[in-house]
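**Q** pasting a predicted model and its sequence here:
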Amino acid sequence: MTRVLFKTGLVLFLITIVSKLLGFTREILIAKNYGTSSLADAYYVALTPTMLAITFSFTLSSVFLPLFVNFASDKRKSNLFTNNVLFLFLAIFIVAYTLVIVFTQHFIHLLAPGLTEEAEAMAITLVRILFPLVFIVIAIQIYTLMLNTFHDYMASAASILPNNLIIIAYLWLFADKYGIVGVAVITLVSYVLQLVILYLLIKGHQYKVVRNVELWSSNSKTFLLLLYPIMISSGFTQFNSVVDRILASGISEGAIAALSYAFNLRGIATGICITPVITLTFPELSRLSHNQDYEKVSTLTHNSLFSLFILLMPLTVIFMSFSHVIVQTLLERGSFDAQATAMTSAIFWAYSIGIIAIGFREVTLRAFYSYGDTKTPTYIMISGTLVNIVLSFILVKTMGIIGLGLSASMAFIVTAVITAILLKKKKDFVWSKDFIRKMIKLSVAMGGCGLAIYLLKLVHLFGSLFVMNTFYTVIGLSLYTLLAYFTFIALLLVMKEDDLIVFMKKLIFHRKKEMKLG
């Protein structure tokens, strides 16, 4: 079982990497064509409801998945439950979209009051095109969770590939001809296609849209009772995102776009490293909690965090050490100039500080959700949001746009600490002495890794590569990244980290066995 899970995780990890690279290629092309212009600001303001819906859909999954697991063996009940949820959100969306159509200008003023007249006019057009994505991304997440429950991880993860390819093809071939409005239209079309693909995949598991929807059934009421704390915390999180855009719109033209580019760059780490871990472990956490096997829940949480930190810690060192070079290499071309690079890289550096805290929080919150506890995560998310908002107002005045990234990272760190404390209170055995020792070793290894990269930068190792063309700069960054991971792993082995040693022995043994069989 462990071997199968490892293979599944490896394939899922590779698919996620390809997906994220394609997604960021899309961002590179948008940056090339529109930079940090007023048009880019308008596009990202119009995408704000969609981004908020994506955030909500991730938190929604924490309620939907444990309940769906209970019904998964009964196709009629699982289909009825799923359709009740979908129709409920469809009804809410229809009302919301009607209000947005009628009060579009007021809606844009609320999201970004500092836009120029040109950007505001374009944002009004774009939000009317893009707002249907609010429902579509929720439906996509629900179908994805269903496929994951049936262990169809690869198909659900690969469904986004055509989405990104379509947008990339459009930006490559037609961006000059149809402009930013065309980008919005093709974005909507690509997400619709992804939803259709997922629907066809889930039909293979005997899913169908049932006629008799019972919006107020007992299961629906249970879902709503568990959901309302999530909706409150999600509302606070969404309000925080709106506040960030409001503050950014008042700093300078292009600040909203720079914020979005930096956020998406950070998403490479969180998407590639965190998403596969959660995708694999959360359904299993829900099953273990349903069977009241809480010690295994704790063990799986520990293993998930250990694996995640091995991936995230060296990457965080690289992001913070080379934030300017990374942004310059990936984005600085076309309309994305040196000023845009300086603004985006400053936010990206500040965002990178909180990457490890994001991973810790996302994994540990799933433990609460698997226990059926949605209220505690709500209090945690609200606390983090309030910290973020207060710090945003304070730091923007003294530090400018970098303050938005720094306030977000500090809020993630605060919520990670609160989460650890409250999970310990809920299950006293959750943070064992052995786990704490592992975390200390990981922290020491990260510190050593950071010091090594800093010293290597001082002596200008690979420095000649960074003054050449993009190809050689990528090689230089890749070499530094490999050195960071090598140093990090070597320090853990020197400190005799047992889990890592056992894992490497199993990996080597398994590889030799496969070669013999071959």
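**A** Done, it's in. Residues are numbered from 1 along each chain as shown.
**Q** what ranges do the helices span in the stretch 151-300 of the chain?
**A** 153-158, 160-173, 175-203, 218-249, 255-269, 275-290, 294-321 (DSSP state H, counting those that start in this stretch).
**Q** let me know which of those helices is tucked in deepest.
**A** Highest mean neighbour count of the helices of the stretch 151-300 of the chain: helix 255-269, a mean of 25 (counted as mean count of other C-beta atoms under 10 Å). For every residue, glycine as well, the C-beta is placed using N, CA and C.
**Q** for the helices of the stretch 151-300 of the chain, give me JSON lines that also has distance to residue 378 and mean pLDDT.
**A** What follows is these, written out as JSON lines (distance: least, C-beta to C-beta, whole Å; pLDDT from 0 to 100):
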{"stretch": "helix 153-158", "distance to residue 378": "27", "mean pLDDT": "69"}
{"stretch": "helix 160-173", "distance to residue 378": "29", "mean pLDDT": "86"}
{"stretch": "helix 175-203", "distance to residue 378": "28", "mean pLDDT": "88"}
{"stretch": "helix 218-249", "distance to residue 378": "4", "mean pLDDT": "73"}
{"stretch": "helix 255-269", "distance to residue 378": "23", "mean pLDDT": "83"}
{"stretch": "helix 275-290", "distance to residue 378": "18", "mean pLDDT": "72"}
{"stretch": "helix 294-321", "distance to residue 378": "20", "mean pLDDT": "86"}
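**Q** minimum distance to residue 112: which of the ones you listed has it?
**A** Nearest of the helices of the stretch 151-300 of the chain to residue 112, taken as C-beta to C-beta: helix 218-249 at 4.2 Å.
**Q** could you give the angle of that closest one to helix 255-269?
**A** Angle between the axes of helix 218-249 and helix 255-269 is 130 degrees (criterion: axes from the mean of the first three to the mean of the last three C-alpha atoms, to 10 degrees).
**Q** what packs against helix 218-249?
**A** Helices and strands touching helix 218-249, by 3 or more C-beta pairs under 8 Å, 6 or more residues apart in numbering; DSSP states H and E, are helix 38-46, helix 48-71, helix 75-102, helix 104-111, helix 255-269, helix 375-399, helix 402-426.
**Q** ranking those by mean pLDDT, which is last?
**A** For these, mean pLDDT drops lowest on helix 48-71, to a mean of 78.
**Q** which helices and strands does that helix pack with?
**A** Using 3+ C-beta pairs under 8 Å, 6+ apart, helix 48-71 sits against helix 75-102, helix 117-130, helix 133-149, helix 218-249, helix 275-290, helix 355-370.
**Q** pipe those into CSV and attach distance to residue 191 per row.
**A** Below are these laid out as CSV (distance: least, C-beta to C-beta, whole Å):
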stretch, distance to residue 191
helix 75-102, 14
helix 117-130, 9
helix 133-149, 5
helix 218-249, 19
helix 275-290, 18
helix 355-370, 23
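**Q** do you know which of the ones you listed lies nearest residue 55?
**A** Distances from residue 55 to each of the helices and strands packed on helix 48-71 were compared using C-beta to C-beta; the minimum, 5.9 Å, belongs to helix 218-249.
**Q** sorry, back to before: for residue 49, find the nearest of the helices of the stretch 151-300 of the chain.
**A** Of those, nearest to residue 49 by C-beta to C-beta is helix 218-249, at 9.0 Å.
**Q** that closest one to helix 104-111, inter-axis angle?
**A** 70 degrees.
**Q** just use 42 as the starting number from now, easier for me
**A** Yes, from this point I'll number from 42; that puts the last item at helix 259-290.
**Q** circling back to that earlier point, nearest to residue 238, of the helices and strands packed on helix 89-112?
**A** Among the helices and strands packed on helix 89-112, helix 174-190 sits nearest to residue 238 (C-beta to C-beta), with 9.3 Å.
**Q** quick check: mean pLDDT of the closest one?
**A** Here the average pLDDT along helix 174-190 is 88.
**Q** check which residues of that helix are buried.
**A** 174-190 (16 or more other C-beta atoms under 10 Å).
**Q** again with stretch 83-99
**A** Buried residues in stretch 83-99, counting neighbours by 16+ other C-beta under 10 Å, are found at 83-98.
**Q** quick one: which of those residues is nearest to residue 247?
**A** The closest of the buried residues of stretch 83-99 to residue 247 turns out to be residue 98 (C-beta to C-beta; 23.6 Å).
**Q** any idea how far the closest one lies from residue 154?
**A** Per C-beta to C-beta, to the nearest Å, residue 98 is found 27 Å from residue 154.
**Q** try residue 141
**A** 17 Å.
**Q** okay, these two: which has more neighbours?
**A** Taking other C-beta atoms under 10 Å, residue 141 and residue 154 do not tie; residue 141 has more neighbours (17 against 12).
**Q** pretty sure that one contacts residue 171?
**A** No. Using C-beta atoms under 8 Å as the test, residue 141 is too far from residue 171 to be in contact (10.3 Å).
**Q** what touches both of these two?
**A** Common neighbours of residue 141 and residue 171 are listed as residue 90 (criterion: C-beta atoms under 8 Å, 6 or more residues apart in numbering).
**Q** just give the nearest non-adjacent residue to residue 449, would you?
**A** In this structure, residue 449 finds its nearest non-sequential neighbour in residue 429, 5.8 Å apart by C-beta to C-beta, 6 or more residues apart in numbering.
**Q** the one you found - how many residues pack around it?
**A** With other C-beta under 10 Å as criterion, residue 429 counts 24.
**Q** ok, residue 136 next?
**A** With other C-beta under 10 Å as criterion, residue 136 counts 9.
**Q** from residue 176, how far out is it?
**A** 11 Å.
**Q** repeat for residue 103
**A** From residue 103 to residue 176 the distance is 19 Å (C-beta to C-beta).
**Q** next: residue 138.
**A** Distance from residue 138 to residue 176, by C-beta to C-beta: 8 Å.
**Q** residue 375 too?
**A** 33 Å.
**Q** return the backbone torsion pair for residue 292.
**A** With angles defined as degrees, to the nearest 10, residue 292 sits at phi -80, psi -60.
**Q** and it, what does it touch?
**A** Contacts of residue 292 by C-beta under 8 Å, 6+ apart are 155, 437, 441-442.
**Q** go again with 10 Å.
**A** Residue 292 makes contact with 155, 299-300, 384, 437, 441-442, 444-445, according to C-beta atoms under 10 Å, 6 or more residues apart in numbering.
**Q** so for residue 550, what pLDDT did the model give?
**A** pLDDT, residue 550: 44.
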